[in-house]
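S.K.: predicted coordinates and the sequence they were generated for:
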Amino acid sequence: MEISVSDTGKGLNEKELEKIFERFYQGDANSGATPLGFGIGLNLCQLLVRLHHGTIVAENRKDTRGSRFVVCLPLGNAHLRDEEMVTDQADAGISLHGCVAGETGMGTEEKPERSRTNYRVLVIDDDEELRHFLQENLSACYQVDVASDGEEGWRKTLSGLPDIIVSDVLMPGMDGIQLLKEVKKNPHTNHIPVVLLTSQTEFSCRIKGLAQGADGYLEKPFRLEELNVLIGNLIGNRLLLRGKFSGRQSQKGAVASVELPDGDKALMDRIMKVVNENLGNSDLNVELLAREIGMSRTQLHRRMKDMTGMAAGDFIRNLRLRQAARLLKTVRSLTVTEIAYAVGFTSQSHFSTLFKKQYGVTPTEYAEAPSGGMAGGIHPPLCSDGGTDLSCGSSEMPSRKE
């Protein structure tokens, strides 16, 4: 049996005839402002035809303008195996993907053996099938949220601060490039990696996305394995940045220098400015820091964990203790109690307990030991550029709280 579907349109690009049945492939006709399809329908037709041991081909018409799709199916059922025959006892809920995956390799890909993590992935695509497809597969490893367009994706980015964004480029309203611009210019979100998915394979289109700060670019059709590896690498690179400001990389020469994106450095500059201006203020806490920076407490916590690997409160305490260690070595005229007040502690006993936990000795023992003789040496507070300037731009000792 032969089924022929013809049209009188502008015809097909001869170079695309071998590709148009690939999943998620979009031809030149779809590169306009309004996409005509998402590369799923023709792929589905091919899968159904192959289930019946048939063929489907596309060609340009010879008699007139337009294209023609021809489906050829063998008649009868002698060519079908027993397991391919429908019986009265057949499972009514049988999945097309379940039938197709083994035969064609074009169904749902086998999920990799990976442990589930708490990292959050935001998938933004206006095609419902593709959103569901990605959510179902990525959920094996990540917490996945979805958005149906750029505007919704931007709102969810601001409210949820995902660890990574996977977005289509061609979407009505705010497209993927516009969304990327918003993410990268906002100081609260510019640290989030963005992966773009698109059928626009031209060099100029890829350069446009990369020039706006895209962290990854995958052309449709793509393989889930490639997307999974890309997501894992981008999240892993963010983890490498942790410890930059936490004091865990203070050993000179022991750890390679880590360069932070401009957005992270700008935020850390603001954080360090507030901390240095209020280091002697016992009221300096996460709420005050978040208010001065212009973030919510939750957003600040996530950004600090992302950049330093520690909570904002632990970060403030760490800097206070390291400034106290510097004062104990350099300002002999002050007592331990006076130094505790100078760096914002209101209780000398609490300060001594935290100091011993940090350095392994009491403040008095630390002050009396030869410089460099303590385990790990003196660790002054870090500056926003990862250096060890004690004042981070201020040469004055924090004033004692009266």
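M.R.: Everything's here; your move. Residues are numbered from 1 along each chain as shown.
S.K.: what's residue 64 in contact with, if anything?
M.R.: For residue 64, the contact set (CB atoms under 8 Å, 6 or more residues apart in numbering) comprises residue 8. Backbone N, C-alpha and C define where each C-beta goes, glycine included.
S.K.: let me know the secondary structure of it.
M.R.: coil (DSSP: H, G, I helix; E, B strand; the rest coil).
S.K.: check whether residue 146 sits in a helix, strand or coil.
M.R.: strand.
S.K.: look up how far residue 317 lies from it.
M.R.: Residue 146 is 39 Å from residue 317, where distance means CB to CB, to the nearest Å.
S.K.: more neighbours: these two, which one.
M.R.: Counting neighbours by other CB atoms under 10 Å for residue 146 and for residue 317 shows that residue 146 has the greater number, 20 against 17.
S.K.: which residue ranges of the protein form strands?
M.R.: Listed in chain order, the strands of the chain (DSSP state E) span 2-6, 55-60, 67-72, 120-124, 143-147, 164-168, 194-198, 216-219.
S.K.: contacts for the fourth one?
M.R.: Translated: strand 120-124. Looking at what lies outside strand 120-124 - CB under 8 Å, 6+ apart - the contacts are 131, 134-135, 138, 142-150, 152-153, 156-157, 160-168, 171, 176, 179, 231.
S.K.: and the angle for that strand with strand 194-198?
M.R.: 30 degrees (axes from the mean of the first three to the mean of the last three CA atoms, to 10 degrees).
S.K.: neighbouring strands for strand 120-124, and are they parallel or not?
M.R.: Paired with strand 120-124 in the same sheet, following DSSP bridges, are strand 143-147 (parallel), strand 164-168 (parallel).
S.K.: closest to residue 68 out of these?
M.R.: Proximity to residue 68 (CB to CB) singles out strand 164-168 among the strands paired with strand 120-124, at 30.2 Å.
S.K.: apart from its chain neighbours, what residue comes closest to the most centrally placed residue in the chain?
M.R.: Closest to where the C-alpha atoms of the chain average out (CA atoms, centre = their mean) is residue 164, at 1.6 Å. Excluding the flanking residues, the one nearest residue 164 by CB to CB, 6 or more residues apart in numbering is residue 193, at 4.9 Å.
S.K.: wait, what's in contact with that neighbour?
M.R.: 163-165, 215-216, 234-235, 237-238.
S.K.: low-confidence regions, this structure specifically.
M.R.: Across the chain, the ranges flagged by pLDDT under 70 are 26-39, 88-115, 200-205, 239-263, 369-402.
S.K.: which residues touch residue 286?
M.R.: Residues near residue 286 by CB under 8 Å, 6+ apart: 297, 300-301, 311-313, 316.
S.K.: same list (those residues) but as JSON lines, adding distance to residue 274 and neighbour count.
M.R.: Output for the contacts of residue 286, formatted as JSON lines (distance: CB to CB, whole Å; neighbours: other CB atoms under 10 Å):
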{"residue": "297", "distance to residue 274": "14", "neighbour count": "14"}
{"residue": "300", "distance to residue 274": "11", "neighbour count": "22"}
{"residue": "301", "distance to residue 274": "15", "neighbour count": "17"}
{"residue": "311", "distance to residue 274": "16", "neighbour count": "14"}
{"residue": "312", "distance to residue 274": "11", "neighbour count": "24"}
{"residue": "313", "distance to residue 274": "14", "neighbour count": "14"}
{"residue": "316", "distance to residue 274": "10", "neighbour count": "23"}
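S.K.: list just the nearest of those residues to residue 74.
M.R.: Looking across these and measuring by CB to CB, the closest to residue 74 is residue 301, at 63.4 Å.
S.K.: returning to what we had before: widest-spaced pair of the contacts of residue 193?
M.R.: The largest separation in the contacts of residue 193, counting by CB to CB, is between 165 and 237 at 14.9 Å.
S.K.: with neighbour numbers in mind, choose between the two.
M.R.: Ranked by neighbour count (other CB under 10 Å), residue 165 and residue 237 place residue 165 first, with 26 against 12.
S.K.: so that one touches residue 195, yeah?
M.R.: Yes: counting by CB atoms under 8 Å, residue 165 touches residue 195, with 7.0 Å between them.
S.K.: which stretches in the chain count as helices?
M.R.: Here the chain has its helices, by DSSP state H, at 41-51, 96-104, 128-138, 150-160, 176-185, 203-211, 224-241, 262-278, 286-293, 297-308, 312-330, 336-342, 348-359, 363-368.
S.K.: make a markdown table from those helices and add distance to residue 68 to it.
M.R.: Putting these into a markdown table (distance: least, CB to CB, whole Å) gives the following:
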| stretch | distance to residue 68 |
| --- | --- |
| helix 41-51 | 14 |
| helix 96-104 | 23 |
| helix 128-138 | 26 |
| helix 150-160 | 37 |
| helix 176-185 | 34 |
| helix 203-211 | 30 |
| helix 224-241 | 33 |
| helix 262-278 | 53 |
| helix 286-293 | 63 |
| helix 297-308 | 54 |
| helix 312-330 | 65 |
| helix 336-342 | 84 |
| helix 348-359 | 77 |
| helix 363-368 | 85 |
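S.K.: so which of those comes closest to residue 17?
M.R.: helix 41-51 (11.3 Å).
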